[in-house]
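S.K.: here are the coordinates; sequence isn't available:
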């Protein structure tokens, strides 16, 4: 199955997001070896150079590291993985707040509504 | 390394009609390039010039530093937009033909791909559906270890599932130093496998940019951008 990609944003960014999501969901574990660029590109049905770029960016961020001959691995730095998770959570919350704003809720009202729904779920 | 393709002020006229006008273009190795443009914009003319089927009216075209000829045909694998194979031939006859013709042809690759598609080498071309035939021809062309693959409308006549297969075949078979140049109208189906796109407009090269640069700077897909640029 080719990966679901949006049409209007750079492809490499979306590949990075997808790989991050795969790391967070535990599809890849810390220290795991990633498939080769070509395998990943085939799987996603994207150009290998674009996949290469996404992986290089992840490498620059430190989430992935390369061993010269044996391929790319997920970082074992738990702190960094925690931080990535938190960054993504932040982004999600920002998106949520923007959507609430468009619906006419200010931040305080959004928070109240969120608390209300959380309470309902506890019951 | 010399660029795989270089056009310098390349111009081709048919009588009074100018099919390509002063095209300057350099393509490096190791990328998949989409040649896009509406009908009659000069795509097939450029492709035929690369393959030495037409000669420039003026200007110059170089493949790995050489003018199109015997030496460049050894390194260019070409899929024309029309079939040039005889209907009566069996698939295995064509494989033999390719083996005779091209030093860089790897028959095992063809047999492997035919097997994965469940196409028997004993079948006659005439007995294949249009889509299957297109797949067979692409498989043959991609089974060469060429430096430049030139594919004229490789996905035009096939269903979406076959299209995915064809794109995978292209990704899987070109090696990292080879360049693939493919022309198409079906941009949205293929833009995620392209590194770079070229827009031809009335014989002029109006854009030469990477897919992600277009998405970044215009905030839209190449397909949407194309529709905007070429709005009728």
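M.R.: Cool, got the structure. Computed from a prediction, not measured in an experiment: that's the story for all the values here. Numbering: from 1, shown residues only, chains lettered A, B, ... in the order given.
S.K.: Can you list the residue ranges for strands in the chain?
M.R.: By default, I'm working from chain A. With DSSP state E as the criterion, chain A has strands at A:64-67, A:71-74.
S.K.: Please refer instead to chain B.
M.R.: B:5-14, B:17-27, B:32-36, B:58-63, B:76-79, B:148-152, B:179-184, B:196-201, B:204-210.
S.K.: The third one to strand B:179-184, inter-axis angle?
M.R.: Here strand B:32-36 runs at 30 degrees with respect to strand B:179-184, directions being taken by axes from the mean of the first three to the mean of the last three C-alpha atoms, to 10 degrees.
S.K.: ok, residue A:23 touching residue A:74?
M.R.: Yes. Counting by C-beta atoms under 8 Å, residue A:23 does reach residue A:74; the two are 5.9 Å apart. Where C-beta positions appear, they are placed from N, C-alpha and C, glycine not excepted.
S.K.: okay, and the common contacts of those two?
M.R.: residue A:63 (C-beta atoms under 8 Å, 6 or more residues apart in numbering or on different chains).
S.K.: hmm, back to that, need the winner for burial among the strands of chain A.
M.R.: strand A:71-74 (a mean of 17; mean count of other C-beta atoms under 10 Å in any protein chain shown).
S.K.: Name the residues that touch that one?
M.R.: A:23, A:28-34, A:36, A:55, A:59, A:63-67.
S.K.: Against residue B:166, how distant is residue A:109?
M.R.: 52 Å (C-beta to C-beta, to the nearest Å).
S.K.: the helices in the chain, which residues?
M.R.: Just so you know, I chose chain A. A:11-24, A:37-44, A:48-61, A:78-102, A:107-122 (DSSP state H).
S.K.: Switch to chain B, please.
M.R.: Going by DSSP H, chain B shows helices at B:43-50, B:70-73, B:91-101, B:107-116, B:130-142, B:160-173, B:187-190, B:211-218, B:222-229.
S.K.: which one of these lies closest to residue B:79?
M.R.: helix B:130-142 (4.4 Å; C-beta to C-beta).
S.K.: contacts for that closest one?
M.R.: When contacts are defined by C-beta under 8 Å, 6+ apart, helix B:130-142 is touched by residues B:77-79, B:83, B:85, B:91, B:94-95, B:98, B:109-110, B:113-114, B:117, B:119, B:125, B:128, B:149, B:151, B:154, B:156-159, B:162, B:165-166, B:169-170, B:173-174.
S.K.: By neighbour count, sort out the buried ones in the residues you listed.
M.R.: B:77-79, B:91, B:94-95, B:98, B:109-110, B:113-114, B:119, B:125, B:128, B:149, B:151, B:154, B:158, B:162, B:165-166, B:169-170, B:173-174 (16 or more other C-beta atoms under 10 Å in any protein chain shown).
S.K.: In this structure residue B:200 contacts residue B:37, no?
M.R.: Yes. Using C-beta under 8 Å, residue B:200 is in contact with residue B:37, at 3.5 Å.
S.K.: Can you check which residues contact both of these two?
M.R.: residue B:43.
S.K.: Redo the helices of chain A as CSV? Include mean pLDDT, distance to chain B and mean neighbour count.
M.R.: Formatted as CSV, those follow (pLDDT from 0 to 100; distance: least, C-beta to the nearest C-beta, whole Å; neighbours: other C-beta atoms under 10 Å in any protein chain shown):
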stretch, mean pLDDT, distance to chain B, mean neighbour count
helix A:11-24, 91, 6, 19
helix A:37-44, 89, 6, 19
helix A:48-61, 93, 5, 19
helix A:78-102, 90, 17, 12
helix A:107-122, 91, 27, 10
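S.K.: and residue B:69, which of those helices is closest to it?
M.R.: helix A:48-61 (30.0 Å).
S.K.: before we move on, back to that, could you dump the helices of chain B to CSV with mean pLDDT?
M.R.: Formatted as CSV, the helices of chain B follow (pLDDT from 0 to 100):
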stretch, mean pLDDT
helix B:43-50, 96
helix B:70-73, 94
helix B:91-101, 95
helix B:107-116, 93
helix B:130-142, 89
helix B:160-173, 81
helix B:187-190, 83
helix B:211-218, 91
helix B:222-229, 88
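S.K.: so which of those gets nearest residue B:64?
M.R.: helix B:70-73 (6.9 Å).
S.K.: domain ranges for chain A?
M.R.: A:11-76, A:79-122 (automatic domain parsing).
S.K.: Around chain A, pick out the residues from chain B.
M.R.: Contact residues, chain B versus chain A (C-beta under 8 Å from any C-beta of the partner chain): B:30-32, B:164, B:167-168, B:171-172, B:176, B:188, B:192-195, B:211-212, B:215-216, B:219-221, B:223-224.
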